[in-house]
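A.B. asks: Need the 3D shape of this:
(one chain, ligands or ions: 1)
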Amino acid sequence: MSKLFSEATLGALTLQNHLVMAPMTRNRATGNVPNALMAEYYGQRASAGLIITEGASPSPNGLGYPRIPGIFSREQIEGWKVITDAVHAKNAKIFIQLMHGGRIAHPLNLPAGARVLGPSAVAAVGDIYTDAEGMKQQVVPQEMSESDIKVAIEEFAQAARNSIEAGFDGIELHSANGYLLEQFIRPNSNQRTDRYGGTIENRARFVLEVVDATIEAIGKERVGIRLSPYGIFNDMPL
Ligand SMILES: Cc1cc2nc3c(=O)[nH]c(=O)nc-3n(C[C@H](O)[C@H](O)[C@H](O)COP(=O)(O)O)c2cc1C
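C.D. replies: Numbers count the residues shown, from 1 in each chain. This next block holds a predicted model:
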């Protein structure tokens, strides 16, 4: 039998085979809450060794696209439990991808009171889909204050704890594809002059603080990160 179908070791986990499903946003979480359709979808794919879920936001501010799930409310945690149960019933492991959209967002997609945030007040070039009004131009985000940054780090840490409560085997931090974490790393979206901007050490600071906070929350065996240093999606530079 092909090695592809033999057991694999990933840190402390044993996977039933070497197949891993990439994270894919599906926009099916009406009201930003995981639902039965999603449980069916992930259950159907649980012959894999490991599933990485679609991006799920740690904060109302990170819900920049229509109908993407969150992992910050009680209702969301309960919704995800049905999904992790469906996947574990078929012996697959499942990590949730924590994705904060940052400036890749539109006020029409956000719940009441949420804000479009970014490292700097620089809009991404391009359009974004909204359910209410179709395609719209990307907006200028509010530059995050030091206190906004602290709140966001704690939101990631709490989302990591919520993920374990919801039955996930671990989390993947989405620091790729032009979303909030990568917006801090890249100099076109991060034009800050404080300790979170300028040198690469400074531009990496927020991401590394999120890494530390989530490891502190749930342990290093359960935390992964996705990076895309050569990606240009969502107005990231070449
Ligand atoms: C519909 C769709 C949604 C996606 N959503 C996400 C996502 O939520 N998070 C993420 O990290 N990547 C996302 N991706 C990127 C995929 O994980 C993957 O990197 C991409 O499809 C390239 O795969 P390939 O290298 O097998 O060609 C998405 C891709 C597609 C096609």
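
A.B. asks: Straight-line length of stretch 209-227, end to end?
C.D. replies: Between the opening and closing residues of stretch 209-227 there is a gap of 15 Å (CA to CA, to the nearest Å).

A.B. asks: Does it reach the ligand?
C.D. replies: Yes - with CB under 6 Å from any ligand atom as the threshold, stretch 209-227 lies in contact with the ligand, specifically through residue 226. Bear in mind the C-beta positions are built from the backbone N, C-alpha and C, glycine included.

A.B. asks: roughly how far is that stretch from the heart of the chain?
C.D. replies: The gap between where stretch 209-227 is centred and where its chain is centred comes out at 13 Å by CA atoms, centre = their mean, to the nearest Å.

A.B. asks: If you count neighbours, what's buried in it?
C.D. replies: Under the neighbour-count criterion of 16 or more other CB atoms under 10 Å, stretch 209-227 has 209, 210, 211, 213, 214, 217, 218, 222, 223, 224, 225, 226 buried.

A.B. asks: and what of stretch 21-39?
C.D. replies: 21, 23, 25, 29, 32, 33, 34, 35, 38, 39.

A.B. asks: Could you give the separation between the terminal residues of it?
C.D. replies: 15 Å.

A.B. asks: Distance of the residue sitting nearest the centre point of the chain relative to the ligand?
C.D. replies: By CA atoms, centre = their mean, the chain has its centre lying nearest to residue 99, at 1.6 Å. Here residue 99 is placed at a distance of 6 Å from the ligand (CB to the nearest ligand atom, to the nearest Å).

A.B. asks: what pLDDT does residue 130 get?
C.D. replies: According to the per-residue confidence, residue 130 scores 98 in pLDDT.

A.B. asks: Up against the ligand, what does this protein have?
C.D. replies: Looking at the ligand, the residues of the chain close enough under CB under 6 Å from any ligand atom are 22, 23, 24, 25, 54, 55, 97, 99, 174, 176, 177, 226.

A.B. asks: Show the contacting residues for the closest residue to the last one other than its chain neighbours.
C.D. replies: Right, the one you point to is residue 226. If you skip the residues right next to it in sequence, residue 226 has residue 176 as its closest partner in space, 4.5 Å away by CB to CB, 6 or more residues apart in numbering. Contacts for residue 176 (CB atoms under 8 Å, 6 or more residues apart in numbering) come out as 182, 226, 227, 228, 231.

A.B. asks: and which of the residues you listed is nearest to the ligand?
C.D. replies: Lowest distance from the ligand to the contacts of residue 176 (CB to the nearest ligand atom) belongs to residue 226, with 5.3 Å.

A.B. asks: Checking the closest residue to the residue nearest to the centre of the chain other than its chain neighbours next. Helix, strand or coil?
C.D. replies: Nearest residue to residue 99 in three dimensions, chain neighbours excluded: residue 55, at 2.7 Å (CB to CB, 6+ apart). The assignment at residue 55 comes out as strand when based on DSSP: H, G, I helix; E, B strand; the rest coil.

A.B. asks: Can you tell me who residue 55 pairs with across the strands?
C.D. replies: The partner list for residue 55 in beta bridges (DSSP bridges) reads residue 97.
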